[in-house]
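Participant: A predicted structure for the sequence below; I have some questions about it.
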Amino acid sequence: KQEVTQIPAALSVPEGENLVLNCSFTDSAIYNLQWFRQDPGKGLTSLLLIQSSQREQTSGRLNASLDKSSGRSTLYIAASQPGDSATYLCAVENNNAGNMLTFGGGTRLMVKP
Amino acid sequence: KAGVTQTPRYLIKTRGQQVTLSCSPISGHRSVSWYQQTPGQGLQFLFEYFSETQRNKGNFPGRFSGRQFSNSRSEMNVSTLELGDSALYLCASSLASGQTQYFGPGTRLLVL
């Protein structure tokens, strides 16, 4: 059974810092890994999707890497801003899982002005 | 184009009642998945429908059911509500397996 863990559970940084969020998974037979952002009481916003054959994806100030063999992914946020404050979730889709995502518990990020 | 929409946004029910939630996917998306989010258990997969067929089901009791219509709109039903069913219910749509999933704003259900 796939298990996804995110460390740290919460993080507080001053504005402008570069930061790294971590995600680990137990079963390396994944189809893809996705990073999402969730604002309080809201739905999820897709940030990046990395296919299992890829090593990284970039979008603006965000860069996500994937090391399937070691069961790890990182989300790098450059030059953090207060508007980045949210909960960040990673989720994996296993092979033959038909769109079923297994989520980590999330990292709650606060960027202080 | 319009995103995923869910109705209603908020619901208050009492134990023993039943509830139906609706999800309209992004136009052209044939896959709709449902998730339950609670503070204690996080996000958990309920089920996924593709072209009106349930392809996957999570580890939830039979009180939780769903269906998908020919226009890809989906409904989920929870019968005999329990206090523990209080949660944010999210649906997501995608073009196909392995593609980015787009989530709706959710329906917040409170069971009293």
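Facilitator: Everything's here; your move. Numbering: from 1, shown residues only, chains lettered A, B, ... in the order given.
Participant: residue B:63 is in contact with residue B:46, isn't it?
Facilitator: No. Residue B:63 is beyond contact range of residue B:46, at 11.2 Å (criterion: Cβ atoms under 8 Å). Any C-beta I mention is one placed from the backbone N, CA and C, and that applies to glycine too.
Participant: between the two, which one's more packed in?
Facilitator: Neighbours were counted for residue B:63 and for residue B:46 using other Cβ atoms under 10 Å in any protein chain shown; residue B:46 has more, 22 against 13.
Participant: residues in contact with the helix or strand harbouring residue B:21?
Facilitator: For residue B:21, the host element (DSSP states H and E) is strand B:19-24. If you take Cβ atoms under 8 Å, 6 or more residues apart in numbering or on different chains as the criterion, strand B:19-24 is touched by B:4-8, B:11, B:13, B:32, B:34, B:73-78, B:81, B:89, B:91, B:93, B:104, B:107, B:109.
Participant: buried residues, it. List them.
Facilitator: Going by neighbour count (16 or more other Cβ atoms under 10 Å in any protein chain shown), the buried part of strand B:19-24 is B:19, B:21, B:23, B:24.
Participant: quick one: strands adjacent to it?
Facilitator: Partner strands for strand B:19-24, per DSSP bridges, with pairing direction: strand B:5-7 (antiparallel), strand B:74-78 (antiparallel).
Participant: give me the buried positions along the next helix or strand after that strand.
Facilitator: Sequence-wise, the next helix or strand downstream of strand B:19-24 (DSSP H and E) is strand B:31-38. For strand B:31-38, the neighbour count (16+ other Cβ under 10 Å) marks B:31, B:32, B:33, B:34, B:35, B:36, B:37 as buried.
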